[in-house]
Every structure is written in C-alpha cells, then in structure tokens.
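Colleague: When you get a sec, could you give me coordinates for this:
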Amino acid sequence: MDDGKIILIGNEGDILHCGYSHTLSDGGKSFYRIYQKLLSKSSYVVLILIYRYPSADHYAHAMILTQLGLDEALILELLCTSSADVPVKARQLLQENMPAGHDMNSLASYLQTSRQSYTMQGLRIRVEQDAAFEKALMDTKDALLIVCDARDSELGIGMDEDAFVDWMAKEKVDAAMLGHWMRNERGRPPQLGHNQLGYFLMWLRYEVSEKKRASLLSTQSIEVDGISTDQNGDTVKTTTSDLVLSLQGIFRPLSNYYALPFDMKGEKYRSVEHYAYQRLFDALRLDDKCIEKIRTTVHPADVSLVARRVFKQQKLSDGAVDSKMGRLDRWRQSAMKHKMTKNEALQQLLLSTGHALLIDTTESNKSWASTADEFELQHLLTKRYILPSTIIDWMTERTKPPSALSHIRGNKTGLLLMELRSKFATLSLTQNRIPLVSPLVTAMELRTLLSAHMICFTAESVFHFLYPAQIRLPNSAETLPSPAHYIAKQAIRYFNICTEEAAYINESMHSTECWYRMNTAIELSNSALDKVQGWYMDERQRAIKVALMMMFEQHPPLMRALLDTGDALLVYCSRYSSLEAELTVGMRERDLRAWLAQIDIDTRQLFDSTVRPLAFRPPYLGGNRLGLILMEIRREFMLRGVFPQQLPELQIGVEAVLGSESPAENYVSIYPFDVLNSDNFSALWTNPFLLLAKQNKDGELWTQANSVKLAPKLISINETTLSAIVDELDVMEKVTEEDLENYCIEDLRAVFVRLALRMRNRLVETEAQQSEMNLLAREITAMQNMRRALEERKVQLEGGPIQERREKRELLAPLARTELPMPLMRGYSPPRKWDEKRKPIPRRYSPPEEKIPRRRSPTRLKSPTPHVSRKSSPSSKSPLKQQKVTKPPVDESELSDGEILSD
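Modeller: So this is what the prediction gives:
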C-alpha cells in the first residue's frame, strides 16, 4: 500500500508473525535441574533439559510459565500446542497451576510486560537462526509494519487484513495519518489495537541493520596458522585480515632492521640484527676487533654485508659458517621478542595495527623480509580465489604458489610480529588502541556543521598541497614552487637532514618529485622513535595546514574555490598506502560513493569512521586527515568574515578544480609517480567496496567494483620530429607496416592527424576550384544565351520567319547543351553536381504581333509583315508553309571588333 510505506502482516501463517512455525533453539542456554539423591548427601545428578520451541510465541509463553515455577511437564504440554492456541493454552495452564498468593489480576502487569520482553527475545533468537525470516524482515526496508490479527488487539490491531483495508477506505486514512496514530496513543481511534508486534519487528529490523553496518565499519579478524610452534609442537594460531600494512612510516620501528637500541643480558645492542650477528661471531670465536666492526655498523641492513667481509678476511670455511648460521634465526627471534616485550611504546604501536597482515619490505635477508610489496598484495587480494590465509601459506611454504608468484615467500619478521600481537592482545587489560595521528581538536565543531553533501578530490586538485602554486614565506622574499616544498623544508629542519640530502630534495621544481624524495630521505634516516612518531602524528599535519593556509591566502581564486564547497564533507581520494594511511580515504571516488550507498551511511557516519583509530576501521579505509585539515581552514576563513562573492572566481572547470576521475587516484608517495602511465588508469586495489562485493558474491557489485578508467590516447607534440617523419614517408614510394614499426605509437598518431589534415585541406581546395569552374561555366552559358537573344533581336529588327527560327532553336537545344564547355573535374567528383547547380535561364521572346517601324528606301514599296498564329485553326491539319527569306549580304568591314556574325 502507498508505494510500500505500509506493509500488512497476517496471522500465524505470515513469516513475519511471532507465531510462524519455525523451530528455535535457545542458543545453548539450557535449563539445569539438580536433584539430590537419597543414597548420598554429597552425590548429585544433573539433568539437562534442552528445549526446542516451535515458534517465538511458544518461546515467550514457555519462558513466562517457567519463571512462574510451573513444572517441565506443563511446559512440554504447552510446546505441543499449535501456534494459534498458545495464548489460550498458556492462560489455562496458569489458571490451573496459579502460584500461591496470586491471581490473574495481581499478575496482569507482570504477564503483559513479560510477554513483550520475551517475545522480543524470541524474535532476536529467530532472526539469528532463520535466514528467510531475516531476509523478509530486511526487505521491508523503512515501511510501517501493521500486524492484522483479529484475535489479538495487543500484539496486533484487532482486525484482519480485509477489514483493515475497508476501514481505511471508509475513514479515508492515509499512511501519514496512520503513522501518527501509531506513534501517539491519545489520538488513536478505539478500533485500532496496540500493534506491539509491529513495533517489535521494526525495532528488530533497526537492530539487525545497525549490527550489519557496524560489522561493515570494523575489521573482521581471520584465524590462521602462524610460523612458530608452541611447547607441544602445535602451530601457533594468530589473526589476520584483508588489510596489508608495510613496516614503513610510523610502523618502521617495528622492523628488525630499524636501529632501536635495547638492553639484553646486561649488554646494549643497536638493533636485532646487531644482536644476532654478535652472537654468531661469539659462536665462531672471533676476536673483539671483528665484533667491534659489527657493533659500529650504522644501518642494521648492512650488518650481513659486513659479516660476509669479516668471514672472507678471517678465511673461514663455508662449512664452519653454515654450521652456526642455523642458529641465527633463533637469535633473531629471541631478540625480537625481548625488544617488543620490554618496550611499552612498541607494544602499543603493534596493537594499533589491529589484525592487519604485516610485511617487512627491507632489502635484506629474503627469509625475514618480504619480496612482494603491499601494492602487489593489495592487487592479489582483489581476486576472488585469493584470501589472506592463502598468501600466508605461500609465505610459509605450506603450499606452493603459482609460478608467476613464486617470489612471494619469507616475511618471517611480519609473521612473528603478528604472533606477538595476538599474545599482547590476550594479555592486554583494555581494548583501546592508540591512534596513529593526534586527535582532531575541532572534530565536534566540524561534525556539527556537516551537510549531507560530499566532495571528493584527488592529488591533481587545487586543494592538494602538491598543486604547483607558488607561495611566499612570511617575512621573507623567498618563494617556493608549491606547498609541498614548504613541508619538505620543515621536514629537513625537524629530522636535521644533512645539507647534501636537503639540496637533493629541494632541487626539483616538481612537487611530486620533491614529496617522493622527502619521504625516501625520512625512511632512510636513523631517527629516534619519538622523532618518527612525532612527525607522523603531529608535525606533518601541522606543516600541511600552514602550507595550505599560505597558498589560499596568497591565491584568492583558490580560496574562493575552497569556500564554495560550503559545509560539504571534503574527502581526499587516493590509493591506500601505509605511509599515508591517515591522510587519504584510501579509495577511488566511484568506489567510495558506491560503498556508502550499499551500507547506507551518511556523511556524519563516514566522518566518525575516519576519525577512529586504524584498528577499529574497515580494511583500507583511511583517516582522510587532509580533507579534515581543509575543512578546518575553510571554517577559519569563514570565522574571519571572508565572503566568497568578494573574491575572484577560479576560471577553470569543476572537474579540473577537484581532479575528478584522475589517474592521480592511484598516487602513492613511496614511488616516483608518472601521471601518464597507463597503469594508473587500470590499477585495482582492495577497498571496502570490493571486499563487500567479494563477501556477498554479488555479480553486479563485483563488476562495478572491478571497473577501470579508459587510458587516453597520447599524441606527440614535437613538431621537429613529426616534420621529419612526414618528410621520410613522403619520399617513400610504398609504406609498409615494417616501416611504421620504427616509430613510436605517439608519433604515429600525430603523423596520422597531420596527414588527415593535409588531405582535408586539399579536399577543401579542390572543392573551391570546382566551385570556381562551375561559376565560370554558368557565366559562359549566360553569355551564350545573351548572344542568342541579341541575334534573335537583330533578326526581328531586320525581319524574318520567327516561327522557323524558334523551331530550329528548339531542335538544336539538346545539341547546344552538349556543346557547352565542360569544367575540368576529378574522377571522384559526382557528375550530377553540374546539373544540380545549374538553373534554367529564362529566354527572352519578342512579341509576335508588335509592329516595329523599319527604315526603308523611299523607292521601295512597303511589304506586309508575315504573321504566324500560335494556334492553328481547327480545320487546318498542317502548319502554313513559309517562304525562305533571303538576307542581304553584310559588309564585314562595318562590323566592330569581336562582333560575331550569326546565321
């Protein structure tokens, strides 16, 4: 009714009714009865009664009778009753077995509230065990549910479906009025019951939808086998998820190859690698000078290289070294556990990764590092047949990967960290996890001002700090090519990067190259743990905000573009990466909007999800901190009283302002970025929308999640090269495909365009020449017609048989058409152009009956002018014969130059 806004539910035969027949189990909550035996006071027999309820209504009444102390036999008698007779049977059993000191009046309030609560509890049990009931309930969406049960005015409305429809038509009740009556009991007509079951179902529908939404907005852990074994020889269990995190950025201190000093057995070691190789040198009985070389090695990744050099200098045999190398992994593992156990900050950092699959991509030992980076694993997880457990089995070599993926192995560092994380999570007294970025101070104000609109932008947008807008430093004449250069300047100062490295970072004028060099330099630096965490949690965001503030203040059109976004939620869309997981949302715009539509959340709920710690967010949903920084800047400008109408407008399109559908959605800062690379258009990575389609096994959603952009056809603009290629092709008599293979495809596209333009220009010139020739032909025809008219006029003036001349002209007319000068036309021109463009030229005729005075000699007699009638008389069958007039000879000397003598 009314486009699905009201759904009527029938009696026990309806699947949504609480009396619908579907066996329920109380979720393992059995009833225990303990009976004491007479044979021994200390012996007991435990009788476990597990009830299975035919319907939710059976469950509700059975629980009420059980709470009132009725015997199990009576409960079983109730469960054998049909659903339609359950209320009557329960009332009868209660009256026959009334508890002492009570009657129906004293229990009326208890019975009413208990029935409502136990009915709701039975419906909750059913929605967990009956998939058909859950589907039917969720298909009602937001409709008003009315239970049309004529026998029950408490759970239903006291009318059946037909009676209710007739009553609505009689009273002229619409959906809005009915909904108002259901929410307000005072104005409700007495004919309508309470519809309590309808309320229960609608509330249960809300609970189920919120539960599903909450599961989609969090990480679902997967239990897998680890790499180590316990004391009994069993494989240690650990947890993982679809999220892949690389030990980069703020997670870099978790790596064995990060120089984080720790004390072990009364001695201080620079890193796990330093400890393991020092123990190896002790086992090989090398002197203190050799051990000192290991201890003074700065970078942990270089320790293995220094050790091989020492082995070569000491001329140790391969057998002697190999006999001790087998214990190196155990030393690494023990040092790794000791370092993590003794450092509370590292434990919290490890727990903040949630259930992510951790990989260490440091170029070092292939058994302990991962040869596949996070982006390759993200792409592999887009396949339906590849799961996180599949990748772990490949790494541990429990299963053999395909030949194309044979390089995926090792990663002992990441797998052992995952085992330690599970252990720390079990021992942790709290479920709280530290955020990887400082909490937003203005989060509540921004959330309150949010509208329902969402605006997405990419790294190509004018809102991004990579936008090449020059900024001038305050109180200085120095200018920087982009805001990214200012952030790099602050990073150099914060990490105290050396002069040579700083010059290398700032020498590039391109913002993307500068940003890549800065992040690479930070990754290679030996900064302390507090320095690394301080940069990624606070200093980086602070530098970004200052740089963007200067850009908007110094470029009013950019400020106008930002203020024109109003109160919309700004979302930075780019590929998810461990280094910038908190800056971006981690998804493409098309995937983000489709995901929000599927799980039905608004902008405020998305805002709440992004500000949560990474451990509690869905896999690959980033923190979107760059978008929130822009919203903070927008709010500060508005509080200053800046009106966008007073600022100049940015004279570019909206798509260019936001960088919509740009290949920059595949941008990551850890690798050099080329926007014209075709991989940026076809790249796919795991995201919440793709995981949802993968989980639901929905073909339509799967196709939508795997959609890619079309790469543009690039064309060369090097005029010198193109001119040389065209000249070479013009010289060749015949061009073959082998000749064209010598040129790149971009040059060939440009050559094709140039040759096509040349042909088009020549075609235009040919048509122009043809038009000129047609015009000339028409002028010649007009002159010939004029000449004939003058000849006829001359004959008329001199006298002569007009009718004979006309007949002769009509007979010669077709021949005269063929004698016209034909224009020179190419073979491909249509021959009918001449006839189409030619128009008949009107001919001039002399009036036949007009008498024209002639000059005659006085000695000659006037001869009558012969008159020929246009229409012959009815009696005549043939035209009158005319005598041929002999013209007098004309003296050619009297003719003017160019005058033509006509016959």
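
Colleague: and L436, backbone torsions?
Modeller: Taking degrees, to the nearest 10, you get phi -90, psi 0 for the backbone angles of L436.

Colleague: got the domain boundaries for the protein?
Modeller: 6-216, 222-427, 443-705, 713-813 (automatic domain parsing).

Colleague: For R433, find the nearest of those.
Modeller: Nearest of the domains of the chain to R433, taken as Cβ to Cβ: domain 443-705 at 4.1 Å. Using the backbone N, CA and C atoms, a C-beta is placed for each residue, glycine as well.

Colleague: The closest one: how far from the chain's middle?
Modeller: 16 Å (Cα atoms, centre = their mean, to the nearest Å).

Colleague: among the domains of the chain, which is nearest P435?
Modeller: domain 443-705 (4.4 Å).

Colleague: Need the mean per-residue confidence for that closest one.
Modeller: The pLDDT scores in domain 443-705 average 94.

Colleague: First-to-last residue distance for that domain?
Modeller: Length of domain 443-705, first residue to last, Cα to Cα, to the nearest Å: 31 Å.

Colleague: Could you do stretch 154-170 as well?
Modeller: End-to-end for stretch 154-170, by Cα to Cα: 23 Å.

Colleague: So for stretch 162-171, mean pLDDT?
Modeller: Averaging pLDDT along stretch 162-171 gives 87.

Colleague: and that stretch, how far out from the chain's middle?
Modeller: The chain centre lies 49 Å from the centre of stretch 162-171; the measure is Cα atoms, centre = their mean.

Colleague: follow-up on the earlier one: can you redo the domains of the chain as a markdown table with distance to P435 and mean neighbour count?
Modeller: As requested, those are arranged in a markdown table below (distance: least, Cβ to Cβ, whole Å; neighbours: other Cβ atoms under 10 Å):
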| stretch | distance to P435 | mean neighbour count |
| --- | --- | --- |
| domain 6-216 | 19 | 16 |
| domain 222-427 | 7 | 18 |
| domain 443-705 | 4 | 19 |
| domain 713-813 | 43 | 13 |
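
Colleague: Compare those domains and give me the one nearest I434.
Modeller: Short answer: domain 222-427, nearest of the domains of the chain by Cβ to Cβ, at 4.9 Å.

Colleague: Start and end of that closest one, how far apart?
Modeller: End-to-end distance (Cα to Cα), domain 222-427: 19 Å.

Colleague: do the same with stretch 709-716
Modeller: This stretch, stretch 709-716, spans 22 Å end to end (Cα to Cα).

Colleague: Contacts for it next, please.
Modeller: For stretch 709-716, contacts defined as Cβ atoms under 8 Å, 6 or more residues apart in numbering pick out 661, 663, 676, 678, 681-682, 722, 744, 746-747, 749-750, 753.

Colleague: Looking at the residues you listed, which is nearest K400?
Modeller: Among those, S682 lies closest to K400 (Cβ to Cβ), at 28.7 Å.

Colleague: From P688, how far off is L563?
Modeller: Distance check for L563 against P688: by Cβ to Cβ, to the nearest Å, it reads 31 Å.

Colleague: ok, what's across the strand from S246?
Modeller: Beta-bridge partners recorded for S246 (DSSP bridges): I359.

Colleague: per-residue confidence averaged over whichever helix in the chain runs longest?
Modeller: The longest helix of the chain (DSSP state H) is helix 745-798. The average pLDDT within helix 745-798 is 91.

Colleague: In terms of secondary structure, what does that helix contact?
Modeller: When contacts are defined as 3 or more Cβ pairs under 8 Å, 6 or more residues apart in numbering; DSSP states H and E, helix 745-798 packs onto helix 719-731, helix 802-818, helix 833-837.

Colleague: what's the angle from that helix to helix 719-731?
Modeller: Per axes from the mean of the first three to the mean of the last three Cα atoms, to 10 degrees, the angle that helix 745-798 makes with helix 719-731 is 60 degrees.

Colleague: May I see the domains of the chain organised as CSV, with distance to I434 added?
Modeller: As requested, these are arranged in CSV below (distance: least, Cβ to Cβ, whole Å):
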stretch, distance to I434
domain 6-216, 22
domain 222-427, 5
domain 443-705, 7
domain 713-813, 46
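
Colleague: Relative to Q248, how far out is A372?
Modeller: For A372 relative to Q248 (Cβ to Cβ), the value is 14 Å.

Colleague: actually T140, not the one I wrote
Modeller: Using Cβ to Cβ, one gets 47 Å for the distance from T140 to Q248.

Colleague: now swap in L658 and tell me
Modeller: For L658, the distance to Q248 equals 28 Å [Cβ to Cβ].

Colleague: got the CA positions of stretch 270-288 in PDB?
Modeller: The C-alpha trace of stretch 270-288 is given here as PDB (Å, rounded to 0.1, in the frame of the first residue of the first chain):
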ATOM      1  CA  ARG A 270      71.800  -1.300  18.400                       C
ATOM      2  CA  SER A 271      69.200  -3.500  16.700                       C
ATOM      3  CA  VAL A 272      68.000  -7.100  16.400                       C
ATOM      4  CA  GLU A 273      70.400  -7.700  13.600                       C
ATOM      5  CA  HIS A 274      73.300  -6.400  15.600                       C
ATOM      6  CA  TYR A 275      72.400  -8.800  18.500                       C
ATOM      7  CA  ALA A 276      72.000 -11.900  16.200                       C
ATOM      8  CA  TYR A 277      75.300 -11.400  14.400                       C
ATOM      9  CA  GLN A 278      77.200 -10.600  17.500                       C
ATOM     10  CA  ARG A 279      76.000 -13.900  18.900                       C
ATOM     11  CA  LEU A 280      77.100 -15.600  15.700                       C
ATOM     12  CA  PHE A 281      80.600 -14.100  16.000                       C
ATOM     13  CA  ASP A 282      80.800 -15.300  19.600                       C
ATOM     14  CA  ALA A 283      79.900 -18.800  18.400                       C
ATOM     15  CA  LEU A 284      82.600 -18.700  15.700                       C
ATOM     16  CA  ARG A 285      85.100 -17.500  18.400                       C
ATOM     17  CA  LEU A 286      86.100 -14.300  16.500                       C
ATOM     18  CA  ASP A 287      88.100 -11.700  18.400                       C
ATOM     19  CA  ASP A 288      86.900  -8.400  19.800                       C
END
